[in-house]
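# Sharing a model that was predicted from the sequence below.
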Amino acid sequence: MQFKVGDKVLFLNEKGGGVITRVEDEQIVHVAVEDGFDIPYAVTDLIKAGNLEEDRPLTAPRRPTPAKDEKTADLYVLPHQTEDISTGVYLAMVPRNQDQVLASAMDFYLLNHTGYRVSFALFINKSGNFYGKATGTMDPGSRHHLGKVERTDIEEWAHAMLQTLFFKEGKTELLPPAADYIVFKPVKIYKEESFSFSPMLHQKAMTILVTGPGKHKAKPSAEFDVPDSVKRMKEEDGESTRTHVTERKSMGILEKHMVGDNIAEIDLHIVELTDNTINMTNADMLTMQMDYVKRCLEEARRQRISKLIFIHGVGNGTLKQALLKMFKKTEGLEYFDAPYARYGMGATEVKLYRSGSHQ
């Protein structure tokens, strides 16, 4: 069914209706509801008012909603639904086909759920190199459309970097400039439970809290010259970090990766292995990843763990090829692609055998 601006519609899955104010595309339209909010809906969730309950009154919006640039449109946040949403800047991944969230291409947004005006610069990561993707300013309670993203390009976003400045007119809490990794496991886009109804977008979406006022507290001006990344590098040379590493090794490296009896799932994306990639080359990252794999294999043999799943992503294939080369030279194991339905093309499964048990 096709809709146009001005059509009165009823909701199929909830009470009420409204008036269409904007047609975004063939699948999404914006409906002004009774309390004045302009909310996006899938066309499959609507029916023209003239086709059902023709005598049912519909209330026009109490205030007009002017057309806005999609890149800086207001968030569709309902006041009574925002109380439990943490204040911050979010990355939102919205499947274009809401009925096929595991297969559809996605629209990516930045959501400014703060009381600050946010200036940002976004960089995606292609095989260890950062590329400028978007820059702009978002008013409080607004969103910025980053564009359509195919699932084959998701790796670039799992290692992205967001730089932000927070500004508020008048007397306010001073917040320092921030630089945060956008961290998530790419395999999550193939899991149904990753996509849930977002009160901020009124659609199914996968949302990730990237940064916010609560994460970056104000500091005296004298401390602004020492970035957190530099402090972490200094701490890594101190006794506290060496003690932490020793404790973690004594507990077993695979403990945090266990997902079932004798099954470990190891995400090898570099942001999962270290918080600090400053000055690391692609070769440095690959060395760190391969060393971690060796330690996992050694620990699995000690603990008699029979199955390891290494999530390496798609990328340019360098890490996967290095893994396959290692596994080919290692006795007592077999390897193959992990289940596509769960991991896509970005994981390899390894089965380990005790001496004499491999038939």
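That came through fine.
# The nearest residue to residue 111 once chain neighbours are set aside: helix or strand, and which one exactly?
For residue 111, ignoring the flanking residues on the chain, the nearest one in space by CB to CB, 6 or more residues apart in numbering is residue 90 at 4.2 Å. Just so you know, the C-beta spots here come from the backbone N, C-alpha and C atoms, and that holds for glycine as well. Following DSSP states H and E, one finds residue 90 within strand 88-95.
# quick one: contacts of that strand?
Outside strand 88-95, the residues that touch it by CB atoms under 8 Å, 6 or more residues apart in numbering are 101, 104-114, 118, 120, 143, 149, 157, 162, 164, 182, 189, 195, 198, 200-201, 203-215.
# cool, stretch 292-308 as well?
For stretch 292-308, contacts defined as CB under 8 Å, 6+ apart pick out 252-254, 257, 262-266, 268, 273, 310, 323, 326, 330, 332-333, 349-354.
# Okay, buried residues for stretch 265-279 please.
Of all the residues in stretch 265-279, those buried under the rule 16 or more other CB atoms under 10 Å are 265-272, 277.
# Need the worst-confidence member of these.
Within those, residue 277 has the lowest pLDDT, namely 77.
# quick one: it from residue 342, how far?
For residue 277, the distance to residue 342 (CB to CB, to the nearest Å) stands at 27 Å.
# try residue 293
Residue 293 is 20 Å from residue 342, by CB to CB.
# Do I have it right that residue 97 meets residue 107?
No: look at residue 97 against residue 107 with CB atoms under 8 Å: they stay out of range, at 11.0 Å.
# between those two, who's got more neighbours?
Set residue 97 next to residue 107 and count neighbours by other CB atoms under 10 Å: residue 107 wins out with 22 against 14.
# Now do the more buried one, the pLDDT please.
According to the prediction, residue 107 has pLDDT 94.
# Now do the same contact list for it.
Counted by CB under 8 Å, 6+ apart, residue 107 has contacts 93-94, 96, 145-149.
# Tell me the buried residues within these.
Among the contacts of residue 107, the ones that count as buried by 16+ other CB under 10 Å are 93-94, 96, 145-146, 149.
# just for the stretch 151-300 of the chain, where's the confidence low?
Applying pLDDT under 70 to the stretch 151-300 of the chain flags residues 214-251.
# which stretches of it form strands?
Ranges of strands within the stretch 151-300 of the chain are 161-167, 178-181, 196-198, 203-211, 258-260, 263-267, based on DSSP state E, counting those that start in this stretch.
# Take those strands and lay them out in CSV including distance to residue 28.
Output for the strands of the stretch 151-300 of the chain, formatted as CSV (distance: least, CB to CB, whole Å):
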stretch, distance to residue 28
strand 161-167, 25
strand 178-181, 29
strand 196-198, 14
strand 203-211, 8
strand 258-260, 36
strand 263-267, 33
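# how about the helices in the protein?
Assigned by DSSP state H, the helices in the chain fall at 228-235, 239-251, 270-273, 282-303, 318-329, 340-343.
# tell me the angle of the fourth one relative to strand 263-267?
It stands for helix 282-303. Helix 282-303 runs at 170 degrees relative to strand 263-267, counting by axes from the mean of the first three to the mean of the last three CA atoms, to 10 degrees.
# buried set for helix 282-303?
285-286, 288-290, 292-293, 296-297, 299-300.
# From those, pick the one nearest residue 318.
Ranked by distance to residue 318 (CB to CB), those are led by residue 286 at 6.6 Å.
# Next one: that closest one relative to residue 297, how far apart?
17 Å.
# Next: residue 315.
Taken as CB to CB, the span from residue 315 to residue 297 is 22 Å.
# Residue 164 now?
Applying CB to CB to residue 164 and residue 297 gives a distance of 40 Å.
# now do residue 208
Separation of residue 208 from residue 297 (CB to CB): 31 Å.
# about what we covered before: got a quick ChimeraX command for the buried subset of the contacts of stretch 292-308?
Here is the ChimeraX command that picks out the buried ones among those, judged by 16+ other CB under 10 Å:
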select :253,254,257,264,265,266,268,310,323,333,349,350,352
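# and the nearest residue to residue 124 once chain neighbours are set aside, how many neighbours?
Nearest residue to residue 124, sequence neighbours excluded (CB to CB, 6+ apart): residue 156, at 4.2 Å. Look at residue 156: counted by other CB under 10 Å, it has 19 neighbours.
# looking at it, residue 156 is touching residue 123, isn't it?
No: the criterion here is CB under 8 Å, and residue 156 misses it with residue 123 at 9.8 Å.
# Could you report the neighbour count for residue 131?
Residue 131 - counted by other CB under 10 Å - has 11 other residues nearby.
# show me the contacts for the nearest residue to residue 319 once chain neighbours are set aside.
Spatial nearest neighbour of residue 319, excluding adjacent residues (CB to CB, 6+ apart): residue 312 at 4.6 Å. By CB under 8 Å, 6+ apart, the contact list for residue 312 reads 268, 289, 319-320, 323, 346-348.
# for those, which one is nearest residue 19?
Among the contacts of residue 312, and counting by CB to CB, the member closest to residue 19 is residue 346, at 44.3 Å.
# domain parsing for this protein?
Using automatic domain parsing, the domain parsing of the chain gives 8-51, 70-221, 249-352.
# closest one to residue 2 among those?
So among these, domain 8-51 is nearest, using CB to CB, at 8.1 Å.
# how far out from the middle of the chain is the closest one?
28 Å (CA atoms, centre = their mean, to the nearest Å).
# cool, and stretch 284-303?
Worked out by CA atoms, centre = their mean, stretch 284-303 lies 26 Å from the chain centre.
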